[in-house]
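Student: The following block contains a protein sequence and its predicted model.
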Amino acid sequence: LVAALALAEALSCFDSSSASSAEEAAVRRLRILERLLRAGAAADAGCKEAQIDSPLLVCIAASRPEAAVALIRAGADVRASCCALRSSTLQTPAIHLAVHRGLSSVVIALLSAGVGAMSPMVPSGRSPLHTAAAQRVPNSEIMMLLLKHGAQPNRPDALGDRPLRLLPKVDSDAGSANSDAATRLTLVCSAVEVLVRAGARTELKDRNGLAFSEWQPHPSVQHVARSSAVAWRNLRTTPQLKPSTHPLYSMVARQVGTSWVEDSKALSCMACARPFNEVYRRHHCRLFGTVVCDTCSSRRAVLSTQAGPVRVCDAAFNMLRHLELEAERAAQTASHRAAGTNTACSTSGRTKQNDAAAERKELLGNGRSDVSKQSKAASSRGAAAASGAASGAASEAMASLHERGDKLNSLASKVADLGNEAEDFHNMATKLRQQAQRNASWFPF
C-alpha cells in the first residue's frame, strides 16, 4: 500500500498531460485507495518495522487531502511522525505537516480524531499554532481552527517565541506599490486579528525583550492589533457547556473533573510562561486543571448545571465559546428545517383540500358524474373489462347528452311559440283598445 501510494504520487509529479486528465488520474488513485481500505488493507501495516513513513504522512506531504482524510477515517495512526532526515532527531507529527501544507480539511480530520491542538514538535516544543504562525504565508483559517480546539495563544516554544512573534515581519512601506507586499500585509493583519481576538497579548515581550510594536511597527498591523485587543476586552459572555453532537464536546466533557496540577510543580504560568511570585499568583483552570496566572484566566464559564460560573483559561474559554456558537447554529438550522417541514405539510394539506374540492365539483357536474362513476368502477375491474365498461359509459353519457340536447331544443321551440302567442295577444289588445276609443267618441255620456 505504501509503495503504491508513493509510486502514484511520484508519477503524478512527472505527468505532462492536461489538467483534466491529471484530475481524473487523481480521482482514480483515490478510488483505488478507498477500495484497498474497504478490502481490509491496514493503513499502517509494516511501516514501523520497515522504518518508513506511513501512507498518511506520504499523502499529507504530497498535498493529497482527500486520500489523507480517507486514511484517517480508516483508522490510520494520526499521531505518527516523520523525519526530514533519518539522522535527524526533529520529529514532525502529522498535524504539523498538515498545517505546514495548509490542508485545512486534514487538520479538521486530525482534530476530530483526537489529536490535540497543542501537540508539540520534538525538540522545538512548537505547537501546531506556532507552525501555522511561522509560515511564510500565514493561514488564518487553520489558526482559527486550532484556537477553537484549545490551542494556547500565548504559550512560547522551546526558544521562547510566541505565535505572535513568529508571524512574518511586514516592512513599513508594504502595500504602497508592490502587490506581493500588499497581499502579505493583508494576510499578516488577518492572522494578528485572529490571534488577538482569541486572547494573544501584545504586551508580552519576546526572548530579546522586544514588544509587539517593536518587531511589527507597521501602522496597519498596529491598528488591527489595538482594535482586536479592545474587542477581546469588551467580550462579555459566559459560555455554558451543554450536551452536543459536535465532536469537540466529547473531548471537552472528558476534561471536566480532571485532577489539578499541583502548585509546587508549576513555577510559571502554563499558558504564557510568566514566572510566579508573591504578587503574580497561581490560579487553576477549572476545565484543564492547569496552573495559570490571573491574566490568562480572567474569563468565566459554566461547566455544570448545578454550579455557577467558574474560572477558566483563555484556551478553554475559546473552546467553550466555539461549542456554544455551534449549538446555537445547529438549533437555528433545526428550526429552519422544522419550519420548512411545516410549510410542506401545510402545502400538502392545501393540495389535498383542492383535490377534494375538485372531486366534489366533478361529482356534482351536469351530465359528467355518470362518466366519472363508471370510469372509477371500470378501473376497479380487470384490465380486459375496463376498456369495454369505459366505452359503454361514454356511449351512455353521449346518449344522455343528446337526449338533453333534444329536450333543450324542444323547450326552445316552445318558448318561441309562447313569444309569438304573446305578440299576437299584444296586437289583439291594441286593436281592442283602439276600438274602445272609437266607440267612446259616439257615446259621449
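Tutor: Everything's here; your move. Numbering: from 1, shown residues only.
Student: how long is stretch 304-314 from one end to the other?
Tutor: Between the start and the finish of stretch 304-314 there is a gap of 18 Å, counting by CA to CA, to the nearest Å.
Student: quick one: contacts of it?
Tutor: Taking CB atoms under 8 Å, 6 or more residues apart in numbering as the criterion, the residues outside stretch 304-314 that touch it are 152-154, 198-199, 238, 241, 256, 271, 283-288, 290, 292, 296-297, 299-303, 320. Using the backbone N, CA and C atoms, a C-beta is placed for each residue, glycine as well.
Student: quick one: which of those sit in strands?
Tutor: Assigned to strands by DSSP state E, the following of these qualify: 283, 284, 292, 299, 300, 301.
Student: Just the buried residues out of those, in ChimeraX syntax.
Tutor: Here is the ChimeraX command that selects the buried residues among the ones in strands among the contacts of stretch 304-314 (16 or more other CB atoms under 10 Å):
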select :283,284,292,299,301
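Student: Out of the ones in strands among the contacts of stretch 304-314, which is nearest to residue 111?
Tutor: Checking the ones in strands among the contacts of stretch 304-314 against residue 111 by CB to CB gives residue 301 as the nearest, at 20.4 Å.
Student: got the ones in strands among the contacts of stretch 304-314 as TSV, with distance to residue 141 columns?
Tutor: Written out in TSV, the entries for those read as follows (distance: CB to CB, whole Å):
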residue	distance to residue 141
283	32
284	32
292	27
299	24
300	28
301	25
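Student: possible to save the ones in strands among the contacts of stretch 304-314 as TSV with pLDDT and distance to residue 229?
Tutor: As requested, the ones in strands among the contacts of stretch 304-314 are arranged in TSV below (pLDDT from 0 to 100; distance: CB to CB, whole Å):
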residue	pLDDT	distance to residue 229
283	95	21
284	95	25
292	96	19
299	94	15
300	94	20
301	94	21
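Student: hang on, the earlier thing: which of the contacts of stretch 304-314 are buried?
Tutor: 152-154, 198-199, 238, 241, 271, 283-288, 290, 292, 296-297, 299, 301-303, 320.
Student: Around residue 194, how many other residues sit close by?
Tutor: Residue crowding around residue 194 was assessed by other CB atoms under 10 Å; the count is 24.
Student: Report the distance from the host helix or strand of it to the chain centre.
Tutor: Counting by DSSP states H and E, the element that carries residue 194 is helix 179-197. On the basis of CA atoms, centre = their mean, to the nearest Å, helix 179-197 is displaced by 25 Å from the centre of the chain it belongs to.
Student: Contacts only, for residue 141.
Tutor: The neighbours of residue 141, taking CB under 8 Å, 6+ apart as the test, are residue 104.
Student: cutoff 10 Å now
Tutor: 102, 104, 107, 132, 190, 194 (CB atoms under 10 Å, 6 or more residues apart in numbering).
Student: which pair in these spans the largest distance?
Tutor: By the measure CB to CB, these have their two most distant members at 107 and 190, which lie 17.2 Å apart.
Student: The two: which is more packed in?
Tutor: residue 107 (27 against 17).
Student: Go ahead and confirm the more buried one touches residue 99.
Tutor: Yes. The pair formed by residue 107 and residue 99 meets the contact definition of CB atoms under 10 Å, at 6.2 Å.
Student: Poorly predicted segments of the stretch 101-250 of the chain, please.
Tutor: Within the stretch 101-250 of the chain, the set of residues satisfying pLDDT under 70 comprises 173-177.
Student: The stretch 201-350 of the chain: helices as residue ranges?
Tutor: Secondary structure of the stretch 201-350 of the chain (DSSP state H, counting those that start in this stretch): helices at 212-215, 219-233, 247-255, 314-363.
Student: Need these in CSV (columns: distance to residue 78).
Tutor: Listed next are the helices of the stretch 201-350 of the chain as CSV, based on distance: least, CB to CB, whole Å:
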stretch, distance to residue 78
helix 212-215, 34
helix 219-233, 32
helix 247-255, 13
helix 314-363, 19
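Student: Of all these, which one is nearest residue 25?
Tutor: Evaluated over the helices of the stretch 201-350 of the chain, closeness to residue 25 peaks at helix 247-255, with 32.5 Å, by CB to CB.
Student: Would you mark the buried spots in the closest one?
Tutor: By neighbour count, with 16+ other CB under 10 Å as the criterion, the buried positions of helix 247-255 are 248, 249, 251, 252, 255.
Student: Quick check: of these, which lies closest to residue 127?
Tutor: Set against residue 127, the nearest of the buried residues of helix 247-255 by CB to CB is residue 251 (16.2 Å).
Student: Not counting sequence-adjacent ones, nearest residue to the closest one?
Tutor: Residue nearest to residue 251 in three dimensions, not counting chain neighbours: residue 114, with 7.2 Å by CB to CB, 6 or more residues apart in numbering.
Student: start to end distance for stretch 198-209?
Tutor: For stretch 198-209, the first and last residues are 23 Å from each other (CA to CA).
Student: Return the set of buried residues in that stretch.
Tutor: The neighbour-count criterion (16+ other CB under 10 Å) identifies 198, 199, 200, 201, 202, 204, 206 as the buried residues of stretch 198-209.
Student: Of these, which pair is most distant in space?
Tutor: Across these, no pair lies farther apart than 198 and 206, at 18.9 Å, counting by CB to CB.
Student: got any residues that touch both of residue 107 and residue 99?
Tutor: Residues within reach of residue 107 and of residue 99 at once, by CB under 10 Å, 6+ apart, are 60, 128, 132, 139, 142, 145, 146.
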